[in-house]
Each structure stands twice: as C-alpha cells, then as structure tokens.
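Trainee: Fold the following for me, if possible:
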Amino acid sequence: MNSTYHIPSHTMASWQKVIDLMAKTTNTPAGLIMRLEPTKAMSVFVSSTSEGNAWKPGDQCSESGLYCETVIRTGDALLVPDALKDPVWDHNPDLKQGMSFYLGYPLLWPNGEPFGTICVLDTSTQNHAIECRELIVQFKNIIESDLKLIVEIEERKTIESQLIAIKLDLEDIVEQRTQHLQETNTALKVLLNEHEATKKTLESSMLANINELIIPNLHKAKKSIKNVKTTYYLDLVESSLNNITSKFSSELVQNFSDLTRAEIQVANLIRQGKKTKEIADSLNIATSTVDYHRANIRKKMGLQNQSTSLNTHLASFFD
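Mentor: Predicted structure coming up:
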C-alpha cells in the first residue's frame, strides 16, 4: 500500500541534494536511493550527479543478488569493503559496473514496511565512506522523516475527503428531513382545515336541529302550559338555546379566553338584561356568587374603576 504514495517533486529535489552531498562527502562516484517496486524488483529512484556514476533514475535492476536486496531482506545495514575478495559477493550484478565497494542502509515507511535503500558504491575499498557511516545514517533519517510527512499528508487528505463525504451525507439527510417536515406540516394543515370544516359542519347541523326541531316544540310547549313558574323556566331554556345559536359565546371565548365557563354563563345572562337575582335563580347559585363573577368579568375585560355598565359594554362590544 505504501508503494502507491506519490513523492512530490519538491521532495525529489530535496533528496537529490542530499544524495549529491552524500556522494561528495564520502568521495564515492555513486550515491543512490533505491526503491522497492510492487513487483519486488529494485529500481534507481534518485542518483547522484557525481562523475563516474553509471546509474540513472528509473533504471530497473531485474537481476537477483544485488547488495540492496540483502539490505531489504535483512532490514539491516550492509557493508561490503571489497566484493572481489568476498566469495559471497564476488558474482553479484553490481560488479558489472565495477562497483566492488558497497555501504547501504534500509529506508522504511512509518509503518515499518521497506521503501528501499540509501547507499554509496565505489570501484575500490572506500575507507572515507566507512568513516562517514554516522553521516549516512543522518541522511537516512532525513529521507525517512520526509516519508513520514508524506504519509501524514496523504492520511490527512483521506480524512478530509471522508469528512467532506460525511458532511455531504449529513446535508442530504438534513435536506430529506426538512422536506419530510414540510410535507408533514402540509399534511397537518390539510387535516386541520378538514377538522375545521367538519367542526363547522357539525355546528351548522346542531344549530339547524335546534332551530328546526327544538325551538318549535318549545314554543308549542309554552303555549300549552299555563303554569307561570314552568313558563318562566321554559323562557330560560329558550334564551339559553338562543345564546347557543348566536355567536356571542364563541366570540366571548375567542376575545377573553381566560373567562371561566361560569363567568361566560353569567355574561350571557347579563347581556340579556337579567338582574342579579334573576341570574342567581336561573343558575341556582347565590347572589353573592353572581356578584363575584361580575367582578371577575369586569376585571378580565379591563373595566375596573370605570362607571361603564357591564351590560352596555357586552352589548356594544359584540353587537
């Protein structure tokens, strides 16, 4: 996976300076950064511009037995002072370029996977390069620090892309929910309108029944009954029914929603011109209770400390 990371051009330019400085400092003709390809083959990634260096960036090393292969396999530094005198190395492919001296170190990604190697090569034993081993290690650390930075940048880009994707998903969810709420509100408005229409229909039906069925029969009953007290109560019933069929009660509730049911009953009778005693008899309550309701009605209608008649106010306000 690490092999897919792109090495930026400015990083490549920085590495070129590091490798040129390493080759110059160690007095070797070839300073290299080798990269391990996904095919497990080695390729020249950065090559010093020093005289006598036969390797160029992009050169593929398909043959096995390279110095760098051993560095990758073991994960350790490798020093070969003179391959021609070493039976392990006297047939390795790098000898075709005459490079019998090798000093190299592994380059690792932050997760420990191999990136490649950093190394110097020469045609003869290079004691000065051996003396500069600590310096080469510092060059190795610089390259690995850059590799760590590259990974962090790529991971940050990945996280940013994921966050953008999450943000877009959340925006879609919010938009969908907003649309759902709008549709729900529309549906509720339709239901409320239907409820209001049903309510008006029921009210109309109730009023029609009262006017067409109850009131006529009530009139017949009043004509056939001669008892004064009974007639009086029938008059009260008719008055109450007339109040139900009028808009007075509903308008009273709409304009003064804090009025109690008892206060609405008293207000209805006051508007009809009934006296305190008559109201008390009609509602079967004490006259003091009627006075109490009167005071509360005046207070809630803002008539305290005013000489305005409550009957006049109710009549003028709603007529």
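
Trainee: can you count the residues close to Gln16?
Mentor: 17 (other C-beta atoms under 10 Å). The C-beta positions use only the backbone N, C-alpha and C, and glycine is treated the same way.

Trainee: Surely it touches Val46?
Mentor: Yes: the criterion here is C-beta atoms under 8 Å, and Gln16 meets it with Val46 at 5.7 Å.

Trainee: What are the structural domain limits within this protein?
Mentor: As assigned by automatic domain parsing, the chain contains the domains 2-158, 210-318.

Trainee: Out of those, indicate the one that is most buried.
Mentor: Most buried of those, by mean neighbour count (mean count of other C-beta atoms under 10 Å): domain 2-158, with a mean of 17.

Trainee: How far does that domain sit from its chain's centre?
Mentor: Relative to the centre of its chain, domain 2-158 is centred 47 Å away, using C-alpha atoms, centre = their mean, to the nearest Å.

Trainee: Mean pLDDT lowest where, among the domains of the chain?
Mentor: Between the domains of the chain, the lowest average pLDDT goes to domain 210-318, which shows a mean of 77.

Trainee: about what we covered before: now distance to Glu175 too, for the domains of the chain, in a markdown table please.
Mentor: Output for those, formatted as a markdown table (distance: least, C-beta to C-beta, whole Å):
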| stretch | distance to Glu175 |
| --- | --- |
| domain 2-158 | 26 |
| domain 210-318 | 39 |
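
Trainee: Determine the set of other helices and strands touching the helix or strand containing His128.
Mentor: Counting by DSSP states H and E, the element that carries His128 is helix 127-131. Here helix 127-131 touches strand 101-108, going by 3 or more C-beta pairs under 8 Å, 6 or more residues apart in numbering; DSSP states H and E.

Trainee: The strand it packs on pairs with which strands, parallel or anti?
Mentor: strand 78-80 (antiparallel), strand 114-122 (antiparallel) (DSSP bridges).

Trainee: Trp55 - that's part of a helix, no?
Mentor: No: going by DSSP: H, G, I helix; E, B strand; the rest coil, the assignment for Trp55 is coil, not a helix.
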